[in-house]
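# What would the 3D arrangement of this be:
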Amino acid sequence: MRVGIDAMTIPIVISDEMSGTLRTVSDIESDTLCRGPSWIDERNVMSATQYRGQLERKRKQRLDAEKKANEYRAKESKKRADAAAARQAAMKTTSQSTARSKTREAERREDEAKSAGAEASRWAARAAGYSREEATIATRLAKAEQSEAAAAERARKREQQQITRTAAAQQAALSARLSQAETAVERIGRRLPDPRPEKLRILMLGASADGGLRVGREQKRIRAAIETALHRDYVELDVRPAATTEDLLDGIAKFRPHVIHFSGHSNEDSIEFEDEVDEPHVGVIVSARAFANAVRATDQAPILIMLNSCLSSGQLDRLVADVVPFAIGMADEIEDGDAIAYAARFYANVANGQSIHAAHAAGRAALELGGLEGADLPTLAWADDVDPTTAVLVTVE
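Residues are numbered from 1 along each chain as shown. Now for the predicted structure:
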């Protein structure tokens, strides 16, 4: 799994939400293993569908842990019964050698029972932890469902009010307003730039300060996928492993990418870059707001951002609202191999002249065809005034 930092207390650098500057923070706990530190922030709420997926996965983990605990309890009981039988046999026999043999057998069985009991307790504790997490997710699911239901009711009321007002207007006035609305939509709707006679530029940033992710393997797979595509000569990569925040700013300014691809650790509200250190180390934590501000700091904004990291879908709405037309992130924790397979197929289809929507669907299909469990995790988001089914990043005239 694309893991984050094991549960412990460490000093860590984090970007301030208000100023965007880096500051030192202590006592931050990371208690979930994924493609990034899994800090849970109540301010970043996912959809009810995403919470249902999390709840089902957590329920499966709990049931598996309870099954293991029961198996070890049964084993403990059997070993204790065997030990008791051996001690009883030792007491009944008149042979001293048989008595010693049975006594040793009883001791072995008691040791085995003790070991099984410890394993049962460990799995029971794990199941209890999963149960608490399950309850937390269930509470958030209920809140999300309530919020979505309230939003749907407000939308229904607004629609009913609009219908009433429209029905009261004269047909001529209605036709005129519709015509004006269509003209306004055409004027204010965002029109993506037509593909220029230049290559599609992809800035690939990989960061794994603790050395736990195969970001180099991911970059190699993406490059190989593009090199076998139809329009491989029309795609240019700027690959930056062990990426720092300086690589982000420098890559945006110099390379002027159409696509920014990040692979590493993240959560709903932060991204982890590396520091200028050769050994494994604590990464530099940058807030989602600071990352968005960095991407915005250019005269030629990117078209697509892919955050190929855990729980990053929580950042997508903000990105497509203020920064880029399209963004892709992961709805939950994702295995390293799943993330790599999705990205390789996505960019292969982009380089084959497919739309962003088709490339995203192909990436998810590749996970399903490979029997991988993360097919529902990659999430595509887009601004209201663009269409991913018609957005093609590579065309050849």
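# pLDDT below threshold where in the stretch 51-200 of the chain?
170, 172-197 (pLDDT under 70).
# What ranges does it have for its strands?
In the stretch 51-200 of the chain, the strands defined using DSSP state E, counting those that start in this stretch lie at 200-206.
# again with the stretch 201-350 of the chain
Taking DSSP E, counting those that start in this stretch to define them, one finds strands in the stretch 201-350 of the chain at 235-240, 259-263, 265-267, 270-273, 284-287, 304-308, 326-330.
# Specify the angle between the longest one and strand 200-206 in degrees.
Orientation check (axes from the mean of the first three to the mean of the last three C-alpha atoms, to 10 degrees): strand 235-240 against strand 200-206 gives 20 degrees.
# What sits closest to V396 if chain neighbours are left out?
Spatial nearest neighbour of V396, excluding adjacent residues (C-beta to C-beta, 6 or more residues apart in numbering): H231 at 5.7 Å. All C-beta atoms are positioned from the backbone trio N, CA, C, and that covers glycine.
# How about A106?
In space, A106 is closest to A86, 3.8 Å off (C-beta to C-beta, 6+ apart).
# ok, the one you found - contacts?
Residues near A86 by C-beta atoms under 8 Å, 6 or more residues apart in numbering: 102-103, 105-106, 109.
# let's see it at 6 Å
Remark: with contacts taken as C-beta atoms under 6 Å, 6 or more residues apart in numbering, A86 is in contact with 102, 105-106.
# just R57 next, same as before
For R57, the contact set (C-beta under 6 Å, 6+ apart) is empty.
# separation between it and E133?
Distance, R57 to E133, by C-beta to C-beta, to the nearest Å: 10 Å.
# Equivalent analysis for A125, please.
Here the criterion is C-beta to C-beta. By it, A125 lies 13 Å from E133.
# And S77, by the same measure?
The gap separating S77 from E133 is 29 Å, by C-beta to C-beta.
# Could you do R52 as well?
Taken as C-beta to C-beta, the span from R52 to E133 is 15 Å.
# who's more crowded, these two?
The residue with more neighbours, out of R52 and E133, is E133; 19 against 15, by other C-beta atoms under 10 Å.
# give me every residue that touches the nearest residue to the more buried one once chain neighbours are set aside.
Closest residue to E133 apart from its sequence neighbours, by C-beta to C-beta, 6+ apart: K58 at 5.4 Å. For K58, the contacting residues are 130, 133-134, 137, by C-beta under 6 Å, 6+ apart.
# Mind putting those into a markdown table with distance to E159?
Formatted as a markdown table, these follow (distance: C-beta to C-beta, whole Å):
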| residue | distance to E159 |
| --- | --- |
| Y130 | 42 |
| E133 | 38 |
| E134 | 36 |
| I137 | 32 |
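# For PyMOL, write a command that selects the buried ones of those residues.
To isolate the buried members of those in PyMOL, using 16 or more other C-beta atoms under 10 Å:
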select buried, resi 130+133+134+137
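# Can you give the contact residues for stretch 217-237?
Residues contacting stretch 217-237 (C-beta under 6 Å, 6+ apart): 199-202, 204, 206, 239, 263, 340, 343-344, 347-348, 351-353, 394, 396.
# May I see the buried residues of that stretch?
Buried-residue list, stretch 217-237, by 16+ other C-beta under 10 Å: 218-219, 221-223, 225-226, 229, 231, 234-235, 237.
# Quick one: those as CSV, columns for distance to N70 and pLDDT too.
Formatted as CSV, those follow (distance: C-beta to C-beta, whole Å; pLDDT from 0 to 100):
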residue, distance to N70, pLDDT
E218, 39, 96
Q219, 44, 96
R221, 41, 97
I222, 44, 97
R223, 48, 97
A225, 45, 97
I226, 50, 97
A229, 51, 96
H231, 56, 95
Y234, 58, 96
V235, 53, 97
L237, 51, 97
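# wait, which of these is closest to G329?
Relative to G329, the closest of those is E218; by C-beta to C-beta it sits at 15.5 Å.
# Helices of the stretch 251-397 of the chain, start to end?
Remark: helices assigned in the stretch 251-397 of the chain by DSSP state H, counting those that start in this stretch are 288-296, 316-322, 336-351, 356-369.
# Can you check which of those helices gets nearest to M306?
Minimum separation from M306 across those (C-beta to C-beta) falls at helix 336-351, 7.1 Å.
# most packed of the helices of the stretch 251-397 of the chain?
helix 336-351 (a mean of 24; mean count of other C-beta atoms under 10 Å).
# That helix - contacts with which helices or strands?
With contacts defined as 3 or more C-beta pairs under 6 Å, 6 or more residues apart in numbering; DSSP states H and E, helix 336-351 has these neighbours: helix 215-227, helix 356-369.
# let's go with 10 Å and repeat that
Counting contacts by 3 or more C-beta pairs under 10 Å, 6 or more residues apart in numbering; DSSP states H and E, helix 336-351 packs against strand 200-206, helix 215-227, strand 235-240, strand 259-263, strand 304-308, strand 326-330, helix 356-369, strand 378-382.
# want to throw these into TSV with distance to T166?
What follows is the helices and strands packed on helix 336-351, written out as TSV (distance: least, C-beta to C-beta, whole Å):
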stretch	distance to T166
strand 200-206	44
helix 215-227	50
strand 235-240	48
strand 259-263	42
strand 304-308	38
strand 326-330	33
helix 356-369	32
strand 378-382	29
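# closest one to A149 among these?
Per C-beta to C-beta, nearest to A149 of the helices and strands packed on helix 336-351: strand 378-382, 21.7 Å.
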